[in-house]
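Visitor: I need the structure of the sequence given here:
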Amino acid sequence: MAFWTATADDLISLTPLDRSMMLPTHALTGLAIAAPLVALAPEFAPVALAGALAGAVLPDLDLYAGHRRTLHYPVGYGIAAVAVGSLALVLATPPLVAAAFLFAGAALHCQMDRYGGGLELRPWENGSDRAVYDHARGRWRRPKRWVRYDGAPEDVLLAVGLGAPLLVALDGPFRWAAAAALAIGVTYGLLRRRLAALAPVVAGHVPASVDHHVPDRYRE
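Guide: This is a model prediction of the structure:
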């Protein structure tokens, strides 16, 4: 399994500073793909929004264990989304709708990672050719860098562009989730480069018991 075969450089990240786009942007994208159901099928909107939000966040749970590889499946999630989505169109049950949007959110997350920066502490330096691991082809896909790095101005603008309409379209906990993601994203964007400078300092003070897990890129 990828979790156990990942190199030391991939195993555990000290801080989540090697994403292609901010996690808040992914979360807002997940909410955005499910938001039309608020008007089109309001009875399914809550489960669709919950599923899409969970799916959009799911791949980045591997931040500390083989990031962009262990839980990133750009092909697999897409196939699952089509299969489960087709079944949901026929049977129209809340669990199937939630699962379809979960896989759709995860698939979109992985595809978005291809259009961001590489897997490195300072992706604006363009030093990495790894965007997301393609398990179907057994190789890393190269970053396209349409969004140069997580927290870049264009990343923040994308988050704002997605989040602002959601604050109007959604209500209840999902509106609060969108507002929180937007606030965190803007704040993170303002601090992104400073956090990259701080990471090597923190890496030098980790306990000896976990020091061997700190990726080399955090010691630069």
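
Visitor: for the chain, which helix is longest?
Guide: helix 172-203 (DSSP state H).

Visitor: Quick check, Ala32 in contact with Gly161.
Guide: No: with contact defined as C-beta atoms under 8 Å, Ala32 does not reach Gly161; the gap is 9.5 Å. All C-beta spots, glycine's among them, are computed from the backbone N, C-alpha and C.

Visitor: So the two - more neighbours on which side?
Guide: The neighbour comparison of Ala32 against Gly161 (other C-beta atoms under 10 Å) goes to Ala32, with 22 against 12.

Visitor: contact partners of the host helix or strand of the more buried one?
Guide: Assessed by DSSP states H and E, Ala32 sits inside helix 23-34. Helix 23-34 has contacts (C-beta atoms under 8 Å, 6 or more residues apart in numbering) with 16, 45, 48-49, 51-57, 60, 101, 104-105, 108-109, 112, 150, 155, 158-159, 162-163, 165-166, 170, 174, 177-178, 181-182, 184-185, 188.

Visitor: Low-confidence ranges, the protein, go.
Guide: Across the chain, the ranges flagged by pLDDT under 70 are 1-19, 199-220.

Visitor: And the helices in it, which stretches?
Guide: Under DSSP H, the chain gives helices at 2-5, 8-11, 23-34, 37-40, 45-57, 76-91, 94-114, 153-169, 172-203, 208-211.

Visitor: could you redo these as TSV and give each row distance to Tyr133?
Guide: Output for the helices of the chain, formatted as TSV (distance: least, C-beta to C-beta, whole Å):
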stretch	distance to Tyr133
helix 2-5	7
helix 8-11	9
helix 23-34	17
helix 37-40	31
helix 45-57	18
helix 76-91	11
helix 94-114	9
helix 153-169	21
helix 172-203	22
helix 208-211	24
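
Visitor: Could you point out which of those sits nearest His67?
Guide: Checking those against His67 by C-beta to C-beta gives helix 8-11 as the closest, at 6.4 Å.
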